[in-house]
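Novice: sequence first, then the predicted structure:
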Amino acid sequence: MRKILTTEAQTSQSGRPAGLPANSVGIVEPQSHTFPGPFKLACGRVLDEYTLVYETYGTLNADKSNGVLICHALSGHHHAAGYHSENDKRPGWWDHYIGPGKPIDTNQFFVVALNNLGGCHGSTGPTSINPQTGKPWGPDFPPLRARDWVHSQAQLADHLGIQQWAAVVGGSLGGMQAMRWALEYPERLRHCVVIASAMKLSAQNIAFNETARQAITSDPDFRDGRYLEDNTLPRDGLAVARMIGHITYLSDDGLGKKFGRELRSGTFQQGVEELVEFQVQSYLRYQGDTFSSSFDPNTYILMTRALDYFDLAREYDDDPVKAFSHARCKFLLVSFTSDWRFAPERSREIADALMHANIPVTYAEVESPMGHDAFLLPNARYENLFAAYMNNVAREQDATGPREVTA
Amino acid sequence: MRQDLDIIHNWIAPATRVLDLGCGDGALLDRLGKEKRVDGYGLEIDPDQIQKCIERGVNVVEQNLDNGLKNFADQSFDTVVMTQALQTLRFPHLVVEEMLRVGRECIITFPNFGQWKARWHLAVSGRMPVSDLLPYEWYDTPNIHFCTFKDFEVLCREHHWQILHRQVVSESPVSGVLKDFLPNLFGETAIYHLTR
């Protein structure tokens, strides 16, 4: 039987107001913690201190063995599930998969989601004030690698009293962090869940990211990244960057099914000169505009660079088998058939390396027309297999509690 | 548990590494793990079966066997097992070759098309046999390469695969007795243990 611990880590959940779905974690409130430095980054620079903003869902059990860390993708942040208020129109970014009775079941697990270092939703990043200058960091914020995030997440785990995660879970860029966790802190996680991810980006992926960055930096309002000091914002550039990204996260088929060649305005009638606008155009512009009013351009540049730099096996003689032979946890890998940005082949490479290293792994290739975004969307097969796997994780921890793992 | 799985269980040494091709619901790997400390992976393509493996906590990797085993290194497993899947493969002989490259030994089970019921059905009704064991019509069956025990042994000879053990099982009591005298006529399922 688990004893309920009351710690400051617990979410201040004020119950579930009548208007919210029954399987929602309800109203949640972000918390923040400032970690004293010095915090040395992979690039060699040092942060004197840094703040992380995070949310937690569920309850930490007595032996603190039921923690699940959610690593976010490129544009994600600490708000992964539930609502910030009753009037909140949309829940957290992974609400389909986190909550009571959902695959990451908050009746079983204590879920921690954070805004990564370098983010723009409260954690220390380019929009924070650089203590040395008294001005926003902007483009001077140090470049980050996935390993910097993992090290800062380990400090967050220490702060929460979690010695070992039941699972570290992430999709896309989050999956890269989860894999890095397995190599950097092998004794600190029992399961690693990597969804729609890769051991490194392809040249095509890097090309898309570069195009997105160019869209931002060539906006006249970018001002070499010092737009906050100048009170401008390269909104249009960021919107275009997001549009490029958005196209690559969907599939041709998915876009076709959703919009086809449907018109929003205008006509092809002969003798009429009126401009024609397709539905897909206005959808993309809407996505771009929404994003550019909530995300920081320097953070977008920083995060896409971290994606580009990631190469799981670089320090292990470029040998993924050698890299994974350091891992001590079990792995679940999931990919989606129409995901061409992080194609199933990339996940299969991970599965092959893990099998070669004799590490326990389960891999499923889920049929979906939704492209890369499929990992965030409802999908019966994905939900069932994810739930079954996490159920085993929970059962295991009930049976044994935290596991002795030696690196 | 199916009779063929019982026999395979006996043939696999404790604490070895097994790759189970077309592992189904993972029952064999589950039992080998629990009773013999065998570890390994199942390869499967059917989503429902993969789900069952995950529920059991068996390591399962989604992979189409018709694409070969190129992703596995030579001799990286002690035993490569394939139960009741040979007849569903596009090129069965190539997969067996691969099994013997990846594993030191392999164990293969398949339904016997030379069994009297199949022969009788075809002889009398003039139609392809449909039975409990082979419950498909000819046009929608996953079984595209049926063979008899005799056929399989010819294949083994031609490829110089060495047969370590051979056992024939039959679920019905009458066939159970007769299978030892006329295996190709009365055996329902063959289990072959091969090496190079």
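Specialist: Everything's here; your move. Numbers count the residues shown, from 1 in each chain, chains lettered A, B, ... in the order given.
Novice: per-residue confidence at residue 123?
Specialist: This is for chain A. Looking at residue A:123, its pLDDT reads 98.
Novice: look at chain B instead
Specialist: pLDDT for residue B:123: 85.
Novice: so it versus residue B:117, what's the distance?
Specialist: Between residue B:123 and residue B:117 the distance is 11 Å, computed by C-beta to C-beta, to the nearest Å. The C-beta positions use only the backbone N, C-alpha and C, and glycine is treated the same way.
Novice: who has more neighbours out of those two?
Specialist: The neighbour count for residue B:123 versus residue B:117, taken as other C-beta atoms under 10 Å in any protein chain shown, is higher for residue B:117 (18 against 9).
Novice: chain center to whatever helix or strand that one lives in: distance?
Specialist: Per DSSP states H and E: residue B:117 is located in helix B:116-125. In this view, helix B:116-125 has its centroid 23 Å away from the chain centroid, taken as C-alpha atoms, centre = their mean, to the nearest Å.
Novice: got the buried residues for the very next helix or strand once past it?
Specialist: Using DSSP H and E, the helix or strand that follows helix B:116-125 in sequence is helix B:149-158. By neighbour count on 16 or more other C-beta atoms under 10 Å in any protein chain shown, the buried set for helix B:149-158 is B:149, B:152, B:153, B:156.
Novice: OK, contacts around the third one?
Specialist: By that I understand residue B:153. residue B:163 (C-beta atoms under 8 Å, 6 or more residues apart in numbering or on different chains).
Novice: can you rerun that using 10 Å?
Specialist: Residue B:153 makes contacts with B:147, B:161, B:163, B:166, B:184, B:190, B:192, as judged by C-beta atoms under 10 Å, 6 or more residues apart in numbering or on different chains.
Novice: so which of those are in helices?
Specialist: Residues of those located in helices (DSSP state H): residue B:184.
Novice: possible to save the contacts of residue B:153 as CSV with neighbour count and distance to residue B:94?
Specialist: Below are the contacts of residue B:153 laid out as CSV (neighbours: other C-beta atoms under 10 Å in any protein chain shown; distance: C-beta to C-beta, whole Å):
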residue, neighbour count, distance to residue B:94
B:147, 19, 15
B:161, 22, 13
B:163, 13, 19
B:166, 16, 22
B:184, 20, 24
B:190, 26, 20
B:192, 22, 17
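Novice: which of the contacts of residue B:153 fall within strands?
Specialist: B:163, B:166, B:190, B:192 (DSSP state E).
Novice: which one of those sits closest to residue A:173?
Specialist: Of all those, residue A:173 sits closest to residue B:192, with 47.7 Å by C-beta to C-beta.
Novice: isn't the closest one right up against residue B:112?
Specialist: No: shown here, residue B:192 and residue B:112 do not form a contact pair, counting by C-beta atoms under 10 Å, at 11.5 Å.
Novice: list residues touching both of these two?
Specialist: Common neighbours of residue B:192 and residue B:112 (criterion: C-beta under 10 Å, 6+ apart): B:149, B:152, B:168.
Novice: which one of those sits closest to chain A?
Specialist: Distance to chain A, by C-beta to the nearest C-beta, is smallest for residue B:152 among the shared contacts of residue B:192 and residue B:112, at 28.4 Å.
Novice: and the closest one, how far from residue B:172?
Specialist: 21 Å.
Novice: again with residue B:130
Specialist: Distance from residue B:130 to residue B:172, by C-beta to C-beta: 17 Å.
Novice: what mean pLDDT does the longest helix seen in chain A get?
Specialist: Ordering each helix of chain A by length in residues (DSSP H) puts helix A:380-400 first. On average, the pLDDT along helix A:380-400 is 92.
Novice: what bits of chain B have low per-residue confidence?
Specialist: B:1, B:132-133, B:173-177 (pLDDT under 70).
Novice: skipping adjacent residues, who's closest to the residue nearest to the spatial centre of it in space?
Specialist: Against the mean C-alpha coordinate of chain B, by C-alpha atoms, centre = their mean, the closest residue is residue B:83 at 2.3 Å. Distances taken as C-beta to C-beta, 6 or more residues apart in numbering or on different chains place residue B:109 nearest to residue B:83, at 4.5 Å, with adjacent residues excluded.
Novice: that neighbour should be in a strand, yeah?
Specialist: Yes: counting by DSSP: H, G, I helix; E, B strand; the rest coil, one finds residue B:109 located in a strand.
Novice: was I right about it contacting residue B:192?
Specialist: Yes: counting by C-beta under 10 Å, residue B:109 touches residue B:192, with 7.5 Å between them.
Novice: mutual contacts of those two, please.
Specialist: Counting by C-beta under 10 Å, 6+ apart, the shared contacts of residue B:109 and residue B:192 are B:86, B:167.
Novice: quick check: residues of chain B near chain A?
Specialist: Contact residues, chain B versus chain A (C-beta under 10 Å from any C-beta of the partner chain): B:17, B:19, B:39-45, B:47-48, B:50-64, B:70-73, B:76-77.
Novice: again, 6 Å this time
Specialist: Residues of chain B found near chain A (C-beta under 6 Å from any C-beta of the partner chain) are B:41, B:47, B:50, B:51, B:54, B:55, B:57, B:59, B:60, B:61, B:62, B:71.
Novice: which SSE is the first one in?
Specialist: Using DSSP H and E, residue B:41 maps to strand B:39-44.
Novice: from residue B:134, how far off is the closest residue to residue A:397 other than its chain neighbours?
Specialist: Setting aside the residues directly before and after it, residue A:397 is nearest to residue A:65 in space (C-beta to C-beta, 6+ apart), at 4.9 Å. Noted for residue A:65: a distance of 48 Å to residue B:134, by C-beta to C-beta.
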